[in-house]
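Chemist: got a predicted model here, sequence first, then my questions.
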2 protein chains.
Amino acid sequence: MLLKNTFVHHVHFWLHDKADKQKLIEGLNILLPIPHIRDIHIGVPAETFRDVVDRSYDVSLLILFDSPEAQEAYQVDPTHEIFANNYAKLLCSKVVVQDSVNVG
Amino acid sequence: MLLKNTFVHHVHFWLHDKADKQKLIEGLNILLPIPHIRDIHIGVPAETFRDVVDRSYDVSLLILFDSPEAQEAYQVDPTHEIFANNYAKLLCSKVVVQDSVNVG
């Protein structure tokens, strides 16, 4: 199915200490009830090993929203702020977000 | 909705020449009928500008598969090979794939 009217929000996390992976994943799970989210996937690198594949990150968070406005509302949701301040900022050495909207 | 049993395949493309954006998008559209795909999103960077947001890529391709095996079958589908050889390899200076599977 071609996903239209979809705002793709993909975050990759690199931990300071790989021993904190479960703690970060626990933190990501607190995001699940945030109402603006359509679909959410919490993942780790797959077993794919081609040259173009980046497996350097520790944890992946993919969220699909119905609109850019839903993503903006999510960013300022208090639960998201708890996750950002108490988990992501404490545990991660690098966080990269890639947000994509449908081609015109 | 929490997406379980989902293989996330996200590809970001950087063009040699930004004038080729529509050509690359045309190429991505030939992928749509490949049967192993559950959901597919073809996108461009959203209008989000925080420090952690990477807007350097030109085009995004997100595909959700039901399993790692479905993604493997997609990789060798002849239509995917046409896309890779006649569009991605010709037009892009960099391609980065991030594949993620659900946390155990």
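Modeler: On my side now, so go ahead. Being a predicted model, the structure only gives us computed values, none of them experimental.

Chemist: check the gap between A:Asp35 and A:Leu90 for me.
Modeler: Careful, residue A:35 is Pro and not Asp. To A:Leu90, A:Pro35 is 25 Å away according to C-beta to C-beta, to the nearest Å. In short, each C-beta sits where N, CA and C put it, glycine included.

Chemist: counting neighbours, what do you get for A:Asp20?
Modeler: Using other C-beta atoms under 10 Å in any protein chain shown, A:Asp20 is surrounded by 18 other residues.

Chemist: neighbour count winner among A:Pro35 and A:Leu90?
Modeler: Remark: of A:Pro35 and A:Leu90, A:Leu90 carries more neighbours, 13 against 9, as counted by other C-beta under 10 Å.

Chemist: need the contact list for that one.
Modeler: By C-beta atoms under 8 Å, 6 or more residues apart in numbering or on different chains, the contact list for A:Leu90 is empty.

Chemist: need the phi and psi values for it.
Modeler: When read as degrees, to the nearest 10, the backbone of A:Leu90 gives phi -80, psi -40.

Chemist: and for A:His80?
Modeler: phi -60, psi -40.

Chemist: how near is the residue nearest to it when sequence neighbours are not counted to chain B?
Modeler: Counting by C-beta to C-beta, 6 or more residues apart in numbering or on different chains, the nearest residue to A:His80 once its immediate chain neighbours are dropped is A:Tyr74, at 5.8 Å. In this view, A:Tyr74 and chain B are 11 Å apart by C-beta to the nearest C-beta, to the nearest Å.

Chemist: helix/strand/coil for A:Tyr74?
Modeler: helix (DSSP: H, G, I helix; E, B strand; the rest coil).

Chemist: what about it, how many residues close to it?
Modeler: 19.

Chemist: next one: A:Phe83
Modeler: A:Phe83, neighbours per other C-beta under 10 Å, totals 20.

Chemist: same question for the one 3 residues further on.
Modeler: Counted by other C-beta under 10 Å, the residues lying close to A:Asn86 total 12.

Chemist: what of A:Ile25?
Modeler: So A:Ile25, with other C-beta under 10 Å, has 19 neighbours.

Chemist: just say helix, strand or coil for it.
Modeler: Assigned by three-state DSSP, the conformation of A:Ile25 is helix.

Chemist: in this structure A:Phe7 contacts A:Ser67, no?
Modeler: Yes: between A:Phe7 and A:Ser67 there is a contact under C-beta atoms under 8 Å: 6.0 Å.

Chemist: lovely, talk soon.
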